[in-house]
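Student: Everything below, folded, please.
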Amino acid sequence: MTSLDPGLPEEEDRQLIQMVSYKYEAEVKDLLLKNPDYLGKIVPIKLTASDDVDQVHKGNYPRDIPEENRRVNDYQLQIYDMLNERGDILSEFNISFFTSPDSREAELAGIASSFMGTVFSILVCLAFSFPVAVLAAIYLEEFAPKNKFTDFIEVNINNLAAVPSIVFGLLGLGVLLAVFNLPRSTPLVGGITLSLMTLPTIIIAARASLKAVPPSIREAALAIGASNMQTTMHHTVPLSMPGTLSGTIIGLAQALGETAPLILIGMVAFVNTIPGTPVDPAASLPVQIYIWSESAERGFVEKVSACIMVLLAFLILMNLAAQIVRHKFEKKWS
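Tutor: The predicted model follows:
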């Protein structure tokens with residue numbers, strides 16, 4: 001371990017090291033790699049403070065309790081007060097929160113892993129649920145005969161839309177992991193599980209959009225010699241697509257906030273790497289919030305708040321996209 005001040009006694013130097021992130025050596029190395037002309041010179045550098053020092057700086061750390069009950073001792077508080085009076089302690093926007101994976105240390109923890117896990121899960125969910133749901137809606141609305149069997153299917157689709165999400169998590173655990181042996185704690189399994197939950201919502205939205213297309217469109221296409229398939233695929237489906245897409249985005253936004261299914265399939269594991277593919281281990285934003293909220297470290301409370309803000313921003317953007325799609329491409333029928 002590199003000394004921060006070789007002139008200090010060993011114990012005081014050790015306490016000084018405890019005031020910065022345990023990755024301070026990597027920060028110094030990165031700085032020297034970017035600025036090789038610093039070698040052999042005395043230059044001021046910025047090091048990430050430990051979570052305890054960060055809480056002291058924010059006024060969240062009690063000083064009126066006995067020293068033996070504090071994680072920041074009197075010597076460290078004295079060093080902090082001296083640096084703070086000199087203006088050497090600065091508060092900066094934590095960009096690494098968005099670029100770093102999870103960590104056991106609050107000052108180093110980020111959402112890059114859970115954010116990419118969420119993105120991969122949503123993409124897998126979209127890839128599986130959208131085509132199946134649209135094809136099912138087209139068949140049920142345009143081609144399926146009206147009998148007791150199709151009525152039974154429609155009732156069950158409506159019932160599936162009301163099933164608690166944890167049931168789909170149990171389905172993913174019992175089928176995808178136990179039967180098909182898909183990799184645990186991956187966005188692939190999470191996305192497939194969420195797609196099962198999202199399917200009924202998209203089917204209902206797609207069927208409602210198909211019903212909203214006026215019968216005159218179908219009759220006009222049939223009158224000029226188009227087949228039922230040509231009428232459906234060339235006229236009815238394109239006209240119903242805005243409503244279908246907005247319903248799909250809303251269904252994906254609902255899946256984005258789910259936690260219980262992902263916990264059951266193992267995406268609650270601690271992952272300190274950023275996934276590059278859907279088959280790499282990852283967490284998700286809702287699960288990351290759950291993990292951090294269970295931590296006793298005071299710094300993770302702020303991480304939870306920031307992660308919630310990112311998740312809410314994601315949800316708002318998806319719902320805004322749904323409204324833009326609907327208003328931009330929706331056709332009004334008089």
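Student: what's the domain layout of this structure?
Tutor: Here the domain parsing of the chain from automatic domain parsing is 10-92, 112-329.
Student: mean confidence for the longest one?
Tutor: It refers to domain 112-329. Mean per-residue pLDDT for domain 112-329: 90.
Student: Could you do the first one as well?
Tutor: For domain 10-92, the mean per-residue pLDDT is 85.
Student: what's the span of that domain, first residue to last?
Tutor: One end of domain 10-92 to the other measures 31 Å (Cα to Cα, to the nearest Å).
Student: same deal with the last one?
Tutor: From its first residue to its last, domain 112-329 covers 34 Å (Cα to Cα).
Student: again with stretch 268-279
Tutor: 15 Å.
Student: tell me which residues in it are buried?
Tutor: Residues of stretch 268-279 classed as buried: 268, 271, 274, 275, 278 (neighbour count, 16 or more other Cβ atoms under 10 Å). Backbone N, C-alpha and C define where each C-beta goes, glycine included.
Student: which residues sit against that stretch?
Tutor: Residues outside stretch 268-279 that contact it (Cβ atoms under 8 Å, 6 or more residues apart in numbering) are 101-104, 112-114, 116-117, 120-121, 123-124, 183, 185-188, 191, 262, 280-283, 287, 290-291.
Student: Now list the buried members of these.
Tutor: Using 16+ other Cβ under 10 Å as the burial test, the contacts of stretch 268-279 include 101-103, 112-114, 116-117, 120-121, 124, 185-188, 191, 262, 280-283, 287, 290-291 as buried.
Student: Which of these fall in strands?
Tutor: Judged by DSSP state E, strands contain none of the buried ones among the contacts of stretch 268-279.
Student: So which of these are in helices?
Tutor: 112-114, 116-117, 120-121, 124, 187-188, 191, 262, 287, 290-291 (DSSP state H).
Student: Among those, which one lies nearest to residue 155?
Tutor: Distance to residue 155 across these (Cβ to Cβ) is lowest for residue 191, with 27.3 Å.
Student: ok, now how distant is the closest residue in space to that closest one that isn't next to it in sequence from residue 169?
Tutor: Distances taken as Cβ to Cβ, 6 or more residues apart in numbering place residue 124 nearest to residue 191, at 2.5 Å, with adjacent residues excluded. Distance of residue 124 to residue 169, computed by Cβ to Cβ, to the nearest Å: 15 Å.
Student: And residue 300, by the same measure?
Tutor: Taking Cβ to Cβ as the measure, residue 300 falls 25 Å from residue 169.
Student: quick one: which of the two has more around it?
Tutor: residue 169 (24 against 19; other Cβ atoms under 10 Å).
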